[in-house]
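Colleague: after the sequence you'll find the predicted model.
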Amino acid sequence: MTEAVYLGVDLGTSGLRGLLVRENGNVIGSAEAACSARHPQFGWSEQDPAQWLAAFDAVMQKLRAAHPKELAALGGIGLSGHMHGATLLDSADTVLRPCILWNDTRASQQAAMLDAMPDMRAITGNIVFPGFTAPKLMWVEAHEPEIFAKTAKVLLPKDYLRLWLTGEHVSDMSDSAGTSWMDVGARAWSDKALELTHMRAEQMPRLVEGSAAGGMLRAELRGNWGISGPVVVAGGAGDNAAAACGAGCFAEGSGFVSLGTSGVLLAARDQFAPDAATAVHTFCHAVPARWYQMGVILAATDCLNWLARNLGRSAGDLATALPDAANGPGNVMFLPYLSGERTPHNNAQLRGALVGLDVADTPEQLTQAVMEGVCYALRDSLEALFVTGARLNQVLAVGGGTRSRFWLETLASTLGLPLSLPAGGEFGAALGAARLAIAASGAAGLDEIMQTPPIAETIDPRADLAERYAAGYARYRALYPALSDDSALRAG
């Protein structure tokens, strides 16, 4: 009898990745296909869902060509994807307009209106951010009423993939928790939240846990991809919950920090303990009876990319020009609000700044300032998490920014937390999705599946620099009021 294998699929804004693994989590192979977003107006970010289907099929054809025998024994698929997207379907499941993506800010006014409504924060456990799904539907109702009237179902991006794979309208708890339509504590759609946005329960997909079955792969697709037997499609997860599953972060006290395009500091929780005023996201985890909380900054490595673009250098060159060891804060201060900010400020209009520039400053000093500014912003998220009762003694460090030793030492010393570096291999959202597929198939229990990766090294905070980074963080915090005060900006 052939051993079953499992596929984890991570749908990102720029592409789709498929990871084929064995039951023990060992990787067989992977494949990728690109997607692209469009920005037809300022603050808009949209994507054609047809791209997702084409990318999925392309990945499957690549995996079939490289691993035909293994793919034939596929037993389960897990789905991960970028959160908050609004994919609108009519009664025939036809897409009505391009998906409005997570980083689209057109609904900022609707988000503020909804957030101010009584009970919304109590129901959802969160501020209603402009990027969340519910305010996007309010925008559609106001500006595209004919589309709103035809909307029979609203699906998150990965769940539109599921509809194509299985024919079913299903979502998981972790992804749906970011819509502002869900009672996150009760892990169910909220009739009150839906009513406030003029939506109906029948427009929502059926909810399942991420580690439970969320449909079966259609026979036609099994034939197209050379798969011999039935394939369960797991509930799956939003991208950060899937990444937490891939990193083994699902028990209280475990967490990770991600230095990716955006920045995330995530803490797993075994109880629902929201504090919306902190601008910390409190969402259901992808496994039953667990939640997670995270502080989110909208630009992390994107800040370094911005600097590189303006200096005519590559981000890699800028990073490698710095020493391996942190040396304490520089004189230039960078506030990384290039696209607004979520935690802790919830300010879509906020913009960044370089403060303390000198005629003698070099690209290296600007690079150091950018890295330190991102670290201070993540310290903001840590302080916000502490307010909710979350505790982190040590975190995994993931993302492209972890290739810089200087950045890692600076971050560890700014947070006052040891940062553990995975030894390599897979530990991200695609692996987390595959692990959820293994769980949904019943092949193993969650404690057995959700293991932490081997650790190559731990970066400890620099005790000799702790007071200096604390002073730098205090200076950073003192600058925010000037940036958030439009009159002060105009006067300056």
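Modeller: On my side now, so go ahead.

Colleague: pLDDT weak spots in the stretch 201-350 of the chain?
Modeller: For the stretch 201-350 of the chain, no stretch has pLDDT under 70.

Colleague: can you give me the strands for it?
Modeller: Here the stretch 201-350 of the chain has its strands, by DSSP state E, counting those that start in this stretch, at 206-208, 213-216, 232-234, 237-238, 255-259, 263-269, 281-284, 291-297, 333-335.

Colleague: helices of the stretch 151-300 of the chain, start to end?
Modeller: All helices of the stretch 151-300 of the chain, identified by DSSP state H, counting those that start in this stretch, fall at 157-166, 173-176, 191-196, 219-225, 239-246.

Colleague: just put those helices in JSON lines and tack on distance to S45 and mean neighbour count.
Modeller: Bear in mind the C-beta positions are built from the backbone N, C-alpha and C, glycine included. Below are the helices of the stretch 151-300 of the chain laid out as JSON lines (distance: least, C-beta to C-beta, whole Å; neighbours: other C-beta atoms under 10 Å):
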{"stretch": "helix 157-166", "distance to S45": "12", "mean neighbour count": "24"}
{"stretch": "helix 173-176", "distance to S45": "18", "mean neighbour count": "30"}
{"stretch": "helix 191-196", "distance to S45": "24", "mean neighbour count": "17"}
{"stretch": "helix 219-225", "distance to S45": "29", "mean neighbour count": "13"}
{"stretch": "helix 239-246", "distance to S45": "16", "mean neighbour count": "31"}
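
Colleague: select, out of the ones you listed, the one closest to N347.
Modeller: The closest of those to N347 is helix 239-246. By C-beta to C-beta, the value is 21.2 Å.

Colleague: and the angle from the closest one to strand 263-269?
Modeller: 60 degrees (axes from the mean of the first three to the mean of the last three C-alpha atoms, to 10 degrees).

Colleague: flag the shaky bits of the stretch 1-150 of the chain, pLDDT-wise.
Modeller: Looking along the stretch 1-150 of the chain with the criterion set at pLDDT under 70, you get 1.

Colleague: repeat that for 90
Modeller: 1-4, 13-14, 24-25, 42-43, 103, 105, 118, 130 (pLDDT under 90).

Colleague: who wins for proximity to Q109 among the helices of the stretch 151-300 of the chain?
Modeller: Of the helices of the stretch 151-300 of the chain, nearest to Q109 by C-beta to C-beta is helix 191-196, at 15.2 Å.

Colleague: follow-up on the earlier one: comparing the strands of the stretch 201-350 of the chain, which comes out most buried?
Modeller: Among the strands of the stretch 201-350 of the chain, the stretch with the highest mean neighbour count (mean count of other C-beta atoms under 10 Å) is strand 237-238, at a mean of 34.

Colleague: sheet partners, orientation included, of that one?
Modeller: Paired neighbours of strand 237-238 in the sheet (DSSP bridges): strand 74-81 (parallel).

Colleague: relative to helix 157-166, how tilted is the strand it pairs with?
Modeller: Interaxial angle, strand 74-81 versus helix 157-166 (the same axes, to 10 degrees): 150 degrees.

Colleague: so which of the strands of the stretch 201-350 of the chain is nearest L318?
Modeller: Evaluated with C-beta to C-beta, the strands of the stretch 201-350 of the chain place strand 333-335 nearest to L318, the distance being 12.9 Å.

Colleague: I'd like the next helix or strand past that closest one.
Modeller: Using DSSP states H and E, the helix or strand that follows strand 333-335 towards the C-terminus is strand 353-355.

Colleague: buried set for the next helix or strand after that following strand?
Modeller: Next helix or strand after strand 353-355 toward the C-terminus (DSSP H and E): helix 363-388. Going by neighbour count (16 or more other C-beta atoms under 10 Å), the buried part of helix 363-388 is 365-385, 388.

Colleague: repeat that for stretch 68-80.
Modeller: Residues of stretch 68-80 classed as buried under the neighbour-count rule (16+ other C-beta under 10 Å) are E70, L71, A72, A73, L74, G75, G76, I77, G78, L79, S80.

Colleague: the fourth one against A4, yeah?
Modeller: Yes - A73 sits in contact with A4 when judged by C-beta atoms under 8 Å, with a separation of 5.7 Å.
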